[in-house]
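> this one's sequence-less:
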């Protein structure tokens, strides 16, 4: 059984025990926000009830802290010539024993006092210049150490009180020079740190998940999502019988275009079964002609289960075979206990940029019920078609929705036997043009946003039946800010900088707050050293003003 202390997993009334107001107990399970999505299961649900839907309208701004290196007593790192924009924060804040931690795309970590907003310390690793400045999506903590994987794929473990380096592990992935990039902090199985690598376009890197002992500078195992990028046949179907796609001869064709399958999503580990679950990225076929690599292109666009000790695949579920629109799984994979047909059971839950939410059996990978479609959709293109998918499909000129970057592009939350998910409408026009790919002349696909209106929705799915309970309309772009649930409230932040507070039971808007900058992260709900509960959220970045960390609390 998943440890579920203080969490009611059955459908609940909107007024579920939300009357307590005051200081948070240091033992109520809600004082700290120690992991990217609150707990080690990525559920983004804090069971605290001090801040709740009865009093959330009373929250006031307690303090604002500019996330500027100079204000933390450090010299800013010179930006590379290729990066014209200022770094931005996209890590949801960790709050541990009264200290707040966030990181920006310059790989700088900031530590802030949760009570006053005063700077404490800052840390920035000496980046390999080839790594560039790329977003750091998550930090994590484990057994008293704060962890980050830098853009050049070095694992750092820091003392959370001082920022001193306690652990530094390089060579996690086989060759940084071919384009691996750290985005997510490791998840843990005992002393083993497990993390995935992102791979940018125009490189031959293939998605990789690696495990290393946090006390030893050596990789224990590596698992790759796609075959080596070499000319010739790619018989990559040897474990296809473990999933929902039949073996396909020469899956990736005879070209050298195999690549991508990035690991964007935060892995989740079940300590009881020794399994690690995560989602994989797209095979980049929205750039080149898909007919050059006929096949489902295993194991891209998949939810995957591995043995956490050995890295051996247990099962996979490919959501979109031969994906040409980048409808991959990103941000987080969730392990939750839900109630179905009157009994509690574990489930692996993930959402795709194709606007589907998947609820799978963690032992077999089989769907608990049919994928749940959310948001605005006018395009199918192989989603959930399994072996019936068009394995020669190439993206053709036209308008598609969700386009690349649209759909479910932020972390989900699970609470009260309900799955909470955001979705963004992004229509895109596809056109062929002459270009280059990996240094060779080639006709490539150009995707541009259309002038159709951008809007988003937050939806609640009944986890027992896979049915949408309610949906809330947002007239703005929503990207990257994971949903959070606590005290009967759903928190979401759109890219315009509006903080929404919705009734978790029925989706009614309780309150919205205009933040002083674009929304870049979700909300963390945690306590100061004095036990005062607060909301912590970052705004700004890129060309939209300075990065700022804000704290809201009860008067």
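That came through, no problem. Computed from a predicted structure; not experimentally measured.
> Taking the centroid of this protein, which residue is nearest it?
Among the residues of the chain, residue 331 comes closest to the average C-alpha position under Cα atoms, centre = their mean, at 1.2 Å.
> tell me the contacts of it?
Neighbour list for residue 331: 137, 264, 265, 266, 409, 410, 411, 412, 480, 482 [criterion: Cβ atoms under 8 Å, 6 or more residues apart in numbering]. (Each C-beta comes from the backbone N, C-alpha and C, glycine too.)
> again, only using 7 Å
264, 265, 410, 411, 482 (Cβ atoms under 7 Å, 6 or more residues apart in numbering).
> Show the contacting residues for the closest residue to it other than its chain neighbours.
Leaving aside its sequence neighbours, residue 331 sits nearest to residue 411 (Cβ to Cβ, 6 or more residues apart in numbering; 4.3 Å). When contacts are counted by Cβ under 7 Å, 6+ apart, residue 411 is found next to 37, 44, 331, 332, 482, 483, 522.
> same check, this time on residue 112
Neighbour list for residue 112: 65, 100, 118, 119, 120, 549 [criterion: Cβ under 7 Å, 6+ apart].
> please redo it, this time with the cut-off set to 8 Å
Residue 112 is in contact with 65, 99, 100, 101, 102, 118, 119, 120, 549, counting by Cβ under 8 Å, 6+ apart.
> Just the buried residues from these, in ChimeraX please.
Buried subset of the contacts of residue 112, written as a ChimeraX selection, criterion 16 or more other Cβ atoms under 10 Å:
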select :65,99,100,101,102,119,120,549
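> And the contacts of residue 112, which is closest to residue 468?
Distance to residue 468 across the contacts of residue 112 (Cβ to Cβ) is lowest for residue 102, with 32.8 Å.
> Report the separation between that closest one and residue 383.
According to Cβ to Cβ, to the nearest Å, residue 102 stands 34 Å off from residue 383.
> any idea where the strands of the stretch 451-555 of the chain begin and end?
456-462, 467-474, 484-486, 489-493, 498-503, 509-514, 524-527, 533-539, 548-553 (DSSP state E, counting those that start in this stretch).
> could you check the angle strand 509-514 makes with the fourth one?
Using axes from the mean of the first three to the mean of the last three Cα atoms, to 10 degrees, one finds that strand 489-493 and strand 509-514 are set 30 degrees apart in direction.
> Neighbouring strands - and their directions - for strand 489-493?
strand 484-486 (antiparallel), strand 498-503 (antiparallel) (DSSP bridges).
> before we move on, the earlier item: nearest to residue 445, of the contacts of residue 331?
residue 264 (20.7 Å).
> before we move on, the earlier item: and the residue nearest to residue 331, what's its pLDDT?
With respect to pLDDT, residue 411 scores 95.
> Also residue 178?
With respect to pLDDT, residue 178 scores 63.
> likewise residue 99?
97.
> follow-up on the earlier one: quick check: phi and psi at the residue nearest to residue 331.
The phi and psi torsions at residue 411 (degrees, to the nearest 10) take the values phi -70, psi 140.
> how close does it get to residue 104?
According to Cβ to Cβ, residue 411 and residue 104 sit 19 Å apart.
> now residue 352
Residue 352 is 27 Å from residue 104, where distance means Cβ to Cβ.
> How about residue 414?
Distance of residue 414 to residue 104, computed by Cβ to Cβ: 28 Å.
> who's more crowded, the two?
Taking neighbours as other Cβ atoms under 10 Å, residue 414 and residue 104 compare with residue 414 leading, 29 against 25.
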